[in-house]
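Enquirer: Below are the sequence and a predicted model; questions follow.
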Amino acid sequence: MELTLRELRDEDLPLLFEQWADPVAVHMAAFTSPDHMERDAFERRWTRLRADETVLNRVVVADADVAGTIGSWGEPGEREVTYWLGRSFWGKGIATDALAAYLSVERSRPLRARVASDNVASRRVLEKCGFRVIATERGFAEARSAEIEELVLRLDDPAPAE
Ligand SMILES: CC(C)(COP(=O)(O)OP(=O)(O)OC[C@H]1O[C@@H](n2cnc3c(N)ncnc32)[C@H](O)[C@@H]1OP(=O)(O)O)[C@@H](O)C(=O)NCCC(=O)NCCS
């Protein structure tokens, strides 16, 4: 399988929304916004993200298919990364490969990530790419309607040589 990262296009949005609004994925990610399932809010969110020069985003393409997105935001020294794949692409190593590739696009270090402590797959993706758990916090997880444990992970390794 060939994996590539490319810039987002307008025509990606309908499929990305389907992937984003999948209740199984939402439960897994846990820390979502109250308007997560609303298409208009999704469109507004992407308009905002694409206009923000401090936000980096890439579409993850597996062979010829749009598998999901990966992105990062924040001030230097505090930047965070996150990713989201459509369910039919899970369990094939795509998130691990996408994050490994993205670490050459997002070159800021340290780089952080946050995961619900029971999101085993996402934690594993991060750890396989060199992130280490640095803190455990509790926060309100909209998708669970409850306060749950969240892990903060950090990558300190320098970005790969260009
Ligand atoms: C989390 C997510 C990105 C993982 O993507 P993926 O492509 O399936 O991950 P990979 O195939 O690269 O697998 C990474 C590791 O997790 C493991 N894994 C995958 N799914 C798992 C599951 N449901 N339970 C436990 N481990 C799992 C894999 O076995 C692999 O570990 P290994 O190499 O030791 O075998 C994907 O499930 C997703 O998009 N979920 C919804 C959104 C989300 O949670 N985003 C992250 C928010 S922090």
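Expert: Alright, I've got the coordinates.
Enquirer: Which parts of the chain are helices?
Expert: Listed in chain order, the helices found in the chain under DSSP state H are 13-20, 23-29, 39-51, 94-105, 120-128.
Enquirer: tell me the most buried of these?
Expert: helix 94-105 (a mean of 20; mean count of other C-beta atoms under 10 Å). From N, CA and C alone the C-beta is placed, and that goes for glycine too.
Enquirer: one step back: wait, which of the helices of the chain is closest to Ser145?
Expert: Closest approach to Ser145 among these (C-beta to C-beta): helix 23-29, 10.9 Å.
Enquirer: rewinding a little: could I get the helices of the chain as TSV with distance to the ligand and mean pLDDT?
Expert: Shown next, in TSV, are the helices of the chain (distance: least, C-beta to the nearest ligand atom, whole Å; pLDDT from 0 to 100):
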stretch	distance to the ligand	mean pLDDT
helix 13-20	8	98
helix 23-29	4	98
helix 39-51	14	96
helix 94-105	3	97
helix 120-128	3	98
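Enquirer: is it possible to export those helices to JSON lines including distance to Ala67?
Expert: Shown next, in JSON lines, are the helices of the chain (distance: least, C-beta to C-beta, whole Å):
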{"stretch": "helix 13-20", "distance to Ala67": "8"}
{"stretch": "helix 23-29", "distance to Ala67": "12"}
{"stretch": "helix 39-51", "distance to Ala67": "17"}
{"stretch": "helix 94-105", "distance to Ala67": "5"}
{"stretch": "helix 120-128", "distance to Ala67": "13"}
